[in-house]
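**Student:** next input, structure requested:
(2 chains)
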Amino acid sequence: MEESRIHILFSKYLKKDILKDEFIEFRNYVKQMGHAPLSNLITSLWEDYEINEAPSADHIEKIISTIIKQTKPKPYSLILQNYRQIAASIILILLCSFSAYLYIDREQTRILGEQEVIVNVAKGQRVGIVLPDGTNVNLNSESVLSYRQNFGKEERRVNLTGEGFFEVTKNPEKKFIVHTEYLNIEVLGTIFNMYAYEKTDKAELALVSGKVKISTIEEPIQTVHLNASEKATFDKRLKTLSVEKKDISFETAWISKELVFRSIPIHEVFSKIERKYGVIIHLPENTIENDLYNGAFETEELADILDIFKMHYQFRYKIKGDEVYITFDK
Amino acid sequence: MNGIIARIIISLHRNIMKNELLHIQGLKRGSYKDFTALYEQYVPYLFAFILDITKSKTLAEDIVQDVFIKIWTLRKDIDETLSFKSYLFTIARNMIISEFRQRIHNAEFIDYIEYLNKEDKSSITIEEKLDFDEFNKLLQCAKQKLTERQREIFVLCKETGKSPAEVAEQLSISDQSVRNQLSIALKILRKELDKYNFLFSTFFI
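**Tutor:** Here you go, the predicted model:
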């Protein structure tokens, strides 16, 4: 009895054909209903639903264009999505230059050798490459690594902006040098993570194994030697270079596609997420930004990670293009 | 004759279902073309349904977008034994339910229903009707013109559904002055709402 009544009221409500008193009655029914019965009710309405008011083309176009913007694969990033493809194409370039080295006369080889190879990583992507000396480099979102084609002939030099995890092949005769905006890194054979984005106010080097020498580019020149499990931080405003001994799994977590947080304030957690996914997160001020967060994520999708925070902090979020908006109910 | 038509309809329906299954399988493999075919077919339908439930165009837009973006993100997990229509709804359901509950318990929603009731009798066609958000925006603007006391009385009488006598008792003023204040408030609101060129002439009488 009650069920058929509420069905009638609901379909009147859908058609905007419900009287005020009926609406109040309807609202009271809904108020008393648990999640499951209401869910069943709405599901049954959906099954028999017929459009009674054709939606305007404007709305439909707007929705579809947003869907396309957020889902359509970009041809450029399609290439970069595949680690192996990019590694293969770089190996191809190297093979070409090697054969050029063999067959073209020296002068031409020298000119060719001065040309640069540039690897530019798109937002939200990660790329693994192998340098001519066998060094492995993983590059994080929006990083640029460049080197000359004659890399390794005398010295091994690369330029980096952004973040890179280097596993440098040991070669005592040829130093491996990384140039960044503020720091030069000199190594023989080590594993380290270099974090040097232009937009952040710190540059960091976390050393996994081996030894490195770091020097600042600007005067006064500061130099430090780093041992395994140490991290050097250069403050771009204060121009100071400091060293601390610490567990560096946090710095290298992005390689294994994991995010690990140990008592980290939410604003820092979000900035790591922003970096990893190439997004900007808008968090209302004076909410949870200083809350300390513990946790590790292995999931791939940004939405999955946000869902976990959403459950934890009871907020709502909306992803619009490269931006994430977080709101709290009052 | 009817039998033939029925058979044609059944075979047409089968074709649609078969095509749909092909699109779902394509989507699972990551085919954007199949995704396009599915969203072109179902966006208007889902939008109309959510609009009917929430009475808000912007909200319906947002939910439909979110649902299809989620379907694309989770494309590998799609259960192809379900019809796409059912799958679509499993993704949309919880968002719809929570928005629906919030909506109908909104204090101004009663005013909106009343507006719809009155408008029905005029010559306005369904398409020209405001959705709840548009209506509420106008109503909030109009309310700014009321004095604090008038607004209080209006809210108590119209939005919580109390009788003038109850309101009079609650505010410890006379029954008559509640009626007077309410009638002034309604006049002001009507005048304000009339400015927006919508046919509010019958509203709040």
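**Student:** any part of the one helix or strand A:Ala303 maps to near chain B?
**Tutor:** Under the criterion of DSSP states H and E, A:Ala303 resides in helix A:302-313. Yes. Judged by CB under 8 Å from any CB of the partner chain, helix A:302-313 comes into contact with chain B through A:Ala303. Placement of C-beta: from N, CA and C, glycine included.
**Student:** and for that helix, what are the contacting residues?
**Tutor:** Here helix A:302-313 makes contact (CB atoms under 8 Å, 6 or more residues apart in numbering or on different chains) with A:259, A:273, A:277, A:279, A:288, A:291, A:295, A:297, A:299, A:315-317, A:319, A:324, B:70, B:73.
**Student:** residues contacting A:Gly189?
**Tutor:** Taking CB under 8 Å, 6+ apart, we find A:Gly189 in contact with A:168-172, A:176, A:210.
**Student:** now secondary structure, distance to chain B and neighbour count too, for the residues you listed, in CSV please.
**Tutor:** Formatted as CSV, the contacts of A:Gly189 follow (DSSP: H, G, I helix; E, B strand; the rest coil; distance: CB to the nearest CB, whole Å; neighbours: other CB atoms under 10 Å in any protein chain shown):
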residue, secondary structure, distance to chain B, neighbour count
A:Val168, coil, 36, 24
A:Thr169, coil, 36, 18
A:Lys170, coil, 41, 13
A:Asn171, coil, 42, 15
A:Pro172, coil, 47, 7
A:Phe176, strand, 39, 24
A:Gly210, coil, 40, 17
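**Student:** got a list of contacts for stretch A:217-233?
**Tutor:** A:181-184, A:202-216, A:239-248, A:251.
**Student:** and if we set it to 7 Å?
**Tutor:** With contact meaning CB atoms under 7 Å, 6 or more residues apart in numbering or on different chains, stretch A:217-233 is reached by A:182-184, A:202, A:204-216, A:239, A:241-246, A:248, A:251.
**Student:** got the CA positions of the helix or strand hosting B:Asn117 in PDB?
**Tutor:** Here B:Asn117 sits within helix B:109-121, counting by DSSP H and E. Extracted C-alpha coordinates of helix B:109-121, given in PDB (Å, rounded to 0.1, in the frame of the first residue of the first chain):
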ATOM      1  CA  PHE B 109      12.400  23.500  -2.000                       C
ATOM      2  CA  ILE B 110       8.800  23.800  -0.700                       C
ATOM      3  CA  ASP B 111       8.700  27.300  -2.200                       C
ATOM      4  CA  TYR B 112       9.900  25.800  -5.500                       C
ATOM      5  CA  ILE B 113       7.200  23.100  -5.500                       C
ATOM      6  CA  GLU B 114       4.600  25.800  -4.800                       C
ATOM      7  CA  TYR B 115       6.000  27.900  -7.700                       C
ATOM      8  CA  LEU B 116       5.600  24.800  -9.900                       C
ATOM      9  CA  ASN B 117       2.100  24.200  -8.700                       C
ATOM     10  CA  LYS B 118       1.100  27.700  -9.600                       C
ATOM     11  CA  GLU B 119       2.900  27.900 -12.800                       C
ATOM     12  CA  ASP B 120       1.100  24.700 -14.000                       C
ATOM     13  CA  LYS B 121      -2.100  26.600 -14.400                       C
END
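**Student:** now for chain B, the helix or strand with the poorest mean pLDDT.
**Tutor:** helix B:2-28 (a mean of 72; mean pLDDT, DSSP states H and E).
**Student:** what packs against the next helix or strand after that helix?
**Tutor:** Next in sequence after helix B:2-28, counting helices and strands by DSSP H and E, comes helix B:32-54. Contacts defined by 3 or more CB pairs under 7 Å, 6 or more residues apart in numbering or on different chains; DSSP states H and E place helix B:32-54 against helix A:57-71, helix B:2-28, helix B:57-73, helix B:84-104.
**Student:** returning to what we had before: show me what the helix holding B:Asn117 is packed up against.
**Tutor:** For helix B:109-121, the elements it packs on are helix A:20-32, helix B:132-143, judged by 3+ CB pairs under 7 Å, 6+ apart.
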